[in-house]
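> Predicted model follows, preceded by the sequence.
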Amino acid sequence: MIIAVDGPTASGKGTIAKALAAHFGLPHLDTGLLYRAVGRQVSLNGGDPDSEKDALAACQFPDDLLADPELRTEVSGGLASRVSIHPKVRSALFERQRQFATQPGGAVLDGRDIGTVIAPEADVKLFVIASVERRAERRFAELRDSGRDVMLEAIAADLAARDERDTNRKDSPLIAAPDAVTIDTSDMPRDEAVAHAIAIVEDRMRR
Ligand code: C5P
C-alpha cells in the first residue's frame, strides 16, 4: 500500500505521515529532507540556489548530510524551496523517491507532489492544509522550544513566500491530486488529525 501525504510546510503532514507509517507498519520518507539537503549542499559548495547548474551539482550530496540538524532550520527550508523550482533538480531526485514508493509492501511518503508526480497510483492520497496563522504559530512554538530566537511575523512571512513559490512553480507545483482527501488541521489537535487520517486509510482499504 502506497500512502501519499502532500501539503504545505507546517500543515501537520509530517506528523500525520509518521503516525500512519507507525500505525500500518510501513517505511516512511520525508521527501522535503531531500530538497533541504540539496539546498544545504549548494550553500556548502558556495553556490547559488537560484542557478539550476549549481543546484543540480548539489544533488550529489553525501547521504550523511540527511542527518544534519541544520536541515531542520528555516534557512534550509527557504533554500529547499528555491532549489526545488529547477526541473533538473526534481528529476534528479525522482528515482530515489520512486524506488522508495514502489518498494515491496508499500510505503508512506510526504511532500508536495507525491500524489501527483512521484506515485500517482498511490492507494491513498491525503492533502493536509492549515491556515498560515496556525502554521506560523506551530513553527514558532517548535523553534522557540528548541531554543532558537525567532519572531512570529518573520515566520509567517517566510511561510507565505514559500507557499507562493511552491504553488506557482511550473514543474510539479503544490496542488491536491483530484482523488486526494483534504484534511484541514487548523482547528484539529494532533491526535484528532492522526485518528482522522487513520480512519481515511482504513476506509480506503475496506473498499
Ligand atoms: O516539507 P519541507 O518544508 O521540508 O520542504 C521544504 C521545501 O522542499 C518545500 O518548501 C518545497 O519547496 C520543497 N519540496 C518539494 N517537493 C517535495 C518536498 C519538498 O518541492 N516533494
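Yep, it's here.

> Around the ligand, pick out the residues from this protein.
Proximity of the chain to the ligand, by CB under 6 Å from any ligand atom, involves residues 9, 31-32, 35-36, 77, 80-81, 84, 111-113, 162, 166. Bear in mind the C-beta positions are built from the backbone N, C-alpha and C, glycine included.

> if I pick the most centrally placed residue in the chain, what's in contact with it?
The centre of the chain sits closest to G111, judged by CA atoms, centre = their mean, with a distance of 3.1 Å. By CB atoms under 8 Å, 6 or more residues apart in numbering, the contact list for G111 reads V5, D6, D30, T31, G32, Q97, I118.

> where exactly do the strands run in the protein?
2-6, 28-30, 107-111, 124-129, 181-184 (DSSP state E).

> Narrow the residues of the chain next to the ligand to those in helices?
G32, Y35, R36, G77, A80, S81, R162, D166 (DSSP state H).

> Just the closest of those residues to L126, please.
G32 (15.3 Å; CB to CB).

> distance of the spatially closest residue to H196 that is not a sequence neighbour from the ligand?
Once flanking residues are discounted, H196 sits nearest to I183: 6.1 Å by CB to CB, 6 or more residues apart in numbering. Distance, I183 to the ligand, by CB to the nearest ligand atom, to the nearest Å: 16 Å.

> Give me the pLDDT for I183.
Note for I183: predicted pLDDT of 98.

> which residues in the protein form helices?
With DSSP H as the criterion, the chain has helices spanning 13-24, 32-44, 52-57, 74-83, 87-101, 132-145, 152-168, 190-206.

> Most tightly packed of those?
Highest mean neighbour count of the helices of the chain: helix 32-44, a mean of 23 (counted as mean count of other CB atoms under 10 Å).

> what is the orientation angle of that one with helix 13-24?
130 degrees (axes from the mean of the first three to the mean of the last three CA atoms, to 10 degrees).

> chain center to helix 32-44: distance?
13 Å (CA atoms, centre = their mean, to the nearest Å).
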